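Q: Need a 3D model of the sequence below.
(chains A, B and C)
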Amino acid sequence: MPELPEVEIIKRNLTESLLNKTFLSVEVYCDKLRYKIPQNFIETIKNKKVVNIERIAKYIFVTLDNNNILVIHLGMTGNFLVNHTDDEIIPIKHTHIKFLMSNFRVIRYIDIRRFGFIIIFESGKDVASFFDKRLGVDAISSKFNSEYLINKLKNKKIDIKNALLDQKIVGGVGNIYASEALYRAGISPFERSEDIAKSNKKVDNLISSIKFILKDAIKVGGSTISDYKNMDGESGYFQYKFNVYNRENLECNNKNCSSHIKKIRQSGRSTFYCDSCQKE
DNA sequence: AGCGTCTCCTGCTTGC
DNA sequence: TGCAAGCAGGAGACGC
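A: The predicted model follows:
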């Protein structure tokens, strides 16, 4: 599932193919994504040049030379596949949008579950007001610091695992890296957010664990990025070496620990943890 | 207001 | 073997 590291790699990949290039054509095969693709989508993009691409949390922002901004979220299964027009373009199921760029790159947006979306904003101001309500700071930015996090957690009764999933608290962490970061920090997923906020040590540890895990995953993804061109588009995401995620009943990777990884449900989401390394 | 649950979607896995 | 149920998860909607 694309969380911050996967989105960052996809953003870097898109930058290579899109930046300073012009959309020659756009084809929409399915407009029913999380938000319906608007009627004017094609005409808004066609013949426009990409002047900037950035990522905040799990969002990718593509700025065009008419100042319009494409805001992209990959949902659960969204991905972009890049080919050259000279390549054999193998048809792939669940291809919803196809872009042809002025550098003869064919970029396909593929999204099996269609939880992703691409919306267009006319200005940066519109983008800001959209995100003010629903997004906190980016998890690997310097703005994600102890003062910020303590402030966000201090009155929250929810489990810390749930807090990490709340994009208004920290942007970019999803269900997989939330479990991984808590394991690395040695913090129980059940610990209440307001209690974490009372301990500077825990807060600092949690922040550095989150940043370490996300940056480390970007490094791993970065080394496998060349495979993207030849990918079949079905799997899509690189595999990080998880310590807890999807490791139910397997031995804890901590050499000094003889426990096994537990899997439980927290607010309808699976949480993986080690009950001996992660104590409240 | 704050928090938990449901929902959208498809494909893979599990169980009868 | 075949079918149906269960599960996976991001984030907005909804309900208490």
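Q: Would you confirm that A:K157 contacts A:I196?
A: No: using C-beta atoms under 8 Å as the test, A:K157 is too far from A:I196 to be in contact (11.7 Å). C-beta: built from backbone N, CA, C; applies to glycine.
Q: These two - which one has more neighbours?
A: Taking other C-beta atoms under 10 Å, A:K157 and A:I196 do not tie; A:I196 has more neighbours (23 against 10).
Q: my read: the more buried one touches A:I207, true?
A: No: under the criterion of C-beta under 8 Å, A:I196 is not in contact with A:I207, lying 10.7 Å apart.
Q: Count the residues that sit near whichever residue of the stretch 1-150 of chain A sits closest to DNA strand B.
A: Ranked by C-beta to the nearest atom of the strand, the top residue of the stretch 1-150 of chain A for proximity to DNA strand B is A:R113, at 3.3 Å. A:R113: 12 surrounding residues under other C-beta under 10 Å.
Q: repeat for A:S25
A: 13.
Q: can I get the CA coordinates of the helix or strand containing it in PDB?
A: Using DSSP states H and E, A:S25 maps to strand A:23-28. These are the backbone C-alpha positions of strand A:23-28, laid out as PDB (Å, rounded to 0.1, in the frame of the first residue of the first chain):
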ATOM      1  CA  PHE A  23       1.000  16.800 -22.100                       C
ATOM      2  CA  LEU A  24       0.400  15.900 -25.800                       C
ATOM      3  CA  SER A  25      -2.700  13.900 -25.100                       C
ATOM      4  CA  VAL A  26      -4.800  12.600 -22.200                       C
ATOM      5  CA  GLU A  27      -7.200   9.600 -22.300                       C
ATOM      6  CA  VAL A  28      -9.600   8.800 -19.500                       C
END
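Q: Give me the mean pLDDT for that strand.
A: Throughout strand A:23-28, pLDDT has a mean value of 95.
Q: Determine the set of other helices and strands touching the following helix or strand past that strand.
A: Next in sequence after strand A:23-28, counting helices and strands by DSSP H and E, comes helix A:41-45. If contacts are counted by 3 or more C-beta pairs under 8 Å, 6 or more residues apart in numbering; DSSP states H and E, helix A:41-45 sits against strand A:23-28, strand A:117-121.
Q: Compare the ones you listed and give me the one nearest A:L100.
A: Of all these, strand A:23-28 sits nearest to A:L100, with 4.5 Å by C-beta to C-beta.
Q: if we can go back for a sec, joint contacts of A:I196 and A:I207?
A: Counting by C-beta atoms under 8 Å, 6 or more residues apart in numbering, A:I196 and A:I207 have no contacts in common.
Q: coming back round to it: let me know which of the helices and strands packed on helix A:41-45 is tucked in deepest.
A: strand A:117-121 (a mean of 19; mean count of other C-beta atoms under 10 Å).
Q: At the contact with DNA strand B, which residues of chain A appear?
A: A:32, A:34, A:76, A:93-94, A:112-115, A:155-159, A:162, A:234, A:267-268 (C-beta under 7 Å from any atom of the strand).
Q: Which ones among those residues lie within helices?
A: A:N162 (DSSP state H).
Q: Quickly find the element holding the residue lying closest to A:N253 once chain neighbours are set aside.
A: Using C-beta to C-beta, 6 or more residues apart in numbering and skipping residues adjacent in sequence, the residue nearest A:N253 is A:N243, 5.0 Å away. Assigned by DSSP H and E, A:N243 belongs to neither a helix nor a strand.
Q: Would you quantify the distance from A:N243 to DNA strand B?
A: 21 Å (C-beta to the nearest atom of the strand, to the nearest Å).
Q: Please apply the same query to A:N254.
A: When A:N254 is compared with DNA strand B (using C-beta to the nearest atom of the strand), they lie 26 Å apart.
Q: Check whether the closest residue to that residue other than its chain neighbours sits in a helix, strand or coil.
A: Take A:N254 and drop its neighbours on the chain: the residue closest to it by C-beta to C-beta, 6+ apart is A:C277, 5.4 Å away. With DSSP: H, G, I helix; E, B strand; the rest coil as the basis, A:C277 sits in coil.
Q: So A:C277 is in contact with A:C252, correct?
A: Yes: using C-beta under 8 Å, A:C277 is in contact with A:C252, at 6.1 Å.
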